[in-house]
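1. Predicted model and sequence below, questions to follow.
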Amino acid sequence: MPRLPVIIAPDRRLKIRSKPVVRVDGRVRALVDDMVETMYAAPGMGLAAVQVGAAERVIVVDSSRQDEQPQLLQLINPELVWASDELATYEEGCLSLPEFYAEMTRPAAVEIRYLDLEGENRTLKTEGVQATCVQHEMDHLDGILFVDHLSPVRRSIILRKLAKAKKQALQPT
């Protein structure tokens with residue numbers, strides 16, 4: 001299982017609306033496996049397929065802490081079925097926006113319909129940090145980054161800093 005390169009913003013590929021997975025097969029399961037390995041190696045709490053160059057509606061999430069049992073979610077074609085009126089605020093970061101974090105407010109609990117690795121329909125009701133992570137990754141599937149929820153000025157500052165860092169990394173030393 002190879003670790004996949006994570007696309008760093010700003011990059012047009014992160015703004016693509018991902019297409020639904022038509023059939024869960026060996027190729028999709030291999031993508032999920034590679035995404036899980038990539039997420040854990042980063043280390044991160046979630047990863048969407050579009051972040052590794054596959055514009056498909058696939059996400060992986062594990063919001064467990066180091067001292068907890070893993071709580072790996074592998075969701076194919078996730079759809080929001082229900083969101084609570086109650087809101088929760090957590091600090092969010094993103095593997096595609098390294099070293100940038102912001103307080104984000106989202107529904108405290110959600111219910112998601114998705115396909116599992118066997119192509120079976122499932123539902124998941126989750127809350128707290130896990131619900132926030134799932135919503136963050138589902139945003140990626142629609143080309144939305146967490147900075148898109150910030151003020152235009154703050155978003156612009158973050159994206160300019162990332163663009164500058166990318167440019168400097170490409171220059172020969």
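-> Cool, got the structure.
2. Contact partners for the residue nearest to Val28 when sequence neighbours are not counted?
-> Excluding the flanking residues, the one nearest Val28 by CB to CB, 6 or more residues apart in numbering is Val21, at 5.7 Å. All C-beta spots, glycine's among them, are computed from the backbone N, C-alpha and C. With contact taken as CB atoms under 8 Å, 6 or more residues apart in numbering, Val21 is in contact with Val28, Glu56, Arg57, Val58, Ile76, Asn77, Leu115.
3. same thing but 6 Å
-> Residues near Val21 by CB atoms under 6 Å, 6 or more residues apart in numbering: Val28, Glu56, Arg57, Ile76, Asn77.
4. helix/strand/coil for it?
-> What DSSP: H, G, I helix; E, B strand; the rest coil gives for Val21 is coil.
5. Val52 versus the residue nearest in space to the middle of the chain, what's the distance?
-> Centroid-nearest residue in the chain: Glu137, 2.9 Å away (criterion: CA atoms, centre = their mean). The spacing between Glu137 and Val52, counted by CB to CB, to the nearest Å, is 12 Å.
6. Any stretches of this protein with poor pLDDT?
-> Flagging of the chain using pLDDT under 70 yields the residue ranges 1-2, 173.
7. Strands along this protein, start to end?
-> Here the chain has its strands, by DSSP state E, at 46-48, 58-61, 73-83, 87-92, 102-107, 109-115, 121-127.
8. Closest to Gly143 out of the contacts of Val21?
-> Arg57 (11.8 Å; CB to CB).
9. Count the residues that sit near that closest one.
-> Using other CB atoms under 10 Å, Arg57 is surrounded by 24 other residues.
10. Is it in contact with Leu141, as I believe?
-> Yes - applying CB atoms under 6 Å as the test, Arg57 and Leu141 come out as touching, 5.0 Å apart.
11. joint contacts of the two?
-> With CB under 6 Å, 6+ apart as the test, Arg57 and Leu141 both reach Ser18.
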